[in-house]
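Undergrad: Would you be able to build a 3D model of this:
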Amino acid sequence: QVQLVESGGGLVQAGGSLRLSCAVSGRTVGSYSMGWFRQPPGKEREFVATITWRTGSVYYVDSVKGRFTISRDNAKNTVYLQMNSLKPDDTALYYCALDSSRRAGIDASTSGYDYWGQGTQVTVSS
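TA: Reported below is the predicted structural model:
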């Protein structure tokens, strides 16, 4: 059984930092592409970042480039999202996701991921 459990969300002032964690069981994070998505209040779920399974290449949505960093710790079977210089627009429910297909390339679509965590809330105050 595959489980993804996010943690690390919270309330932070604009300009602050948070590190989200996604603990995975049932799959090895180094063997699958992993992604972070977010869903702002009243909006659709959107792509934030991904790390590919074979090369570890990373890709970000333009709005977080230079501020967010996705990484993985194979020994802990955990994926992280370091978020710096947070803005009120970053307020959302953040989800991690696993793509079990082992396809080549980068997938920024929600349909490309078949396992999801329950989400962790990030609120950035101005």
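
Undergrad: Spatially central residue for the protein, please.
TA: For the chain, W36 is the residue whose C-alpha lies nearest the centre (Cα atoms, centre = their mean; 2.1 Å).

Undergrad: So that one: helix, strand or coil?
TA: Judged by DSSP: H, G, I helix; E, B strand; the rest coil, the three-state class of W36 is strand.

Undergrad: Run through the bridge partners of it.
TA: Beta-bridge pairing for W36 (DSSP bridges): A49, C96.

Undergrad: could you dump stretch 69-81 to PDB, C-alpha only?
TA: Extracted in PDB, the C-alpha atoms of stretch 69-81 (Å, rounded to 0.1, in the frame of the first residue of the first chain):
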ATOM      1  CA  THR A  69      13.600  24.000  -3.800                       C
ATOM      2  CA  ILE A  70      12.500  20.400  -4.200                       C
ATOM      3  CA  SER A  71      14.800  17.700  -3.000                       C
ATOM      4  CA  ARG A  72      14.700  14.100  -1.800                       C
ATOM      5  CA  ASP A  73      16.400  12.000   0.800                       C
ATOM      6  CA  ASN A  74      16.500   8.400  -0.400                       C
ATOM      7  CA  ALA A  75      17.700   7.100   3.000                       C
ATOM      8  CA  LYS A  76      14.600   8.700   4.700                       C
ATOM      9  CA  ASN A  77      12.300   8.000   1.800                       C
ATOM     10  CA  THR A  78      11.200  11.600   2.000                       C
ATOM     11  CA  VAL A  79      10.700  14.400  -0.400                       C
ATOM     12  CA  TYR A  80      11.000  18.000   0.700                       C
ATOM     13  CA  LEU A  81       9.900  21.400  -0.500                       C
END
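
Undergrad: Show me what that stretch is in contact with.
TA: If you take Cβ atoms under 8 Å, 6 or more residues apart in numbering as the criterion, stretch 69-81 is touched by 19-25, 28-30, 34, 36, 48-51, 56, 58, 60, 68, 82, 84, 94, 96. C-betas here are computed from N, CA, C, even on glycine.

Undergrad: wait, is G30 part of a helix?
TA: Yes. The assignment for G30 by three-state DSSP puts it in a helix.

Undergrad: quick one, strands of this structure?
TA: Assigned by DSSP state E, the chain shows strands spanning 3-7, 10-13, 18-25, 33-39, 46-51, 58-60, 68-73, 78-83, 92-99, 115-116, 120-125.
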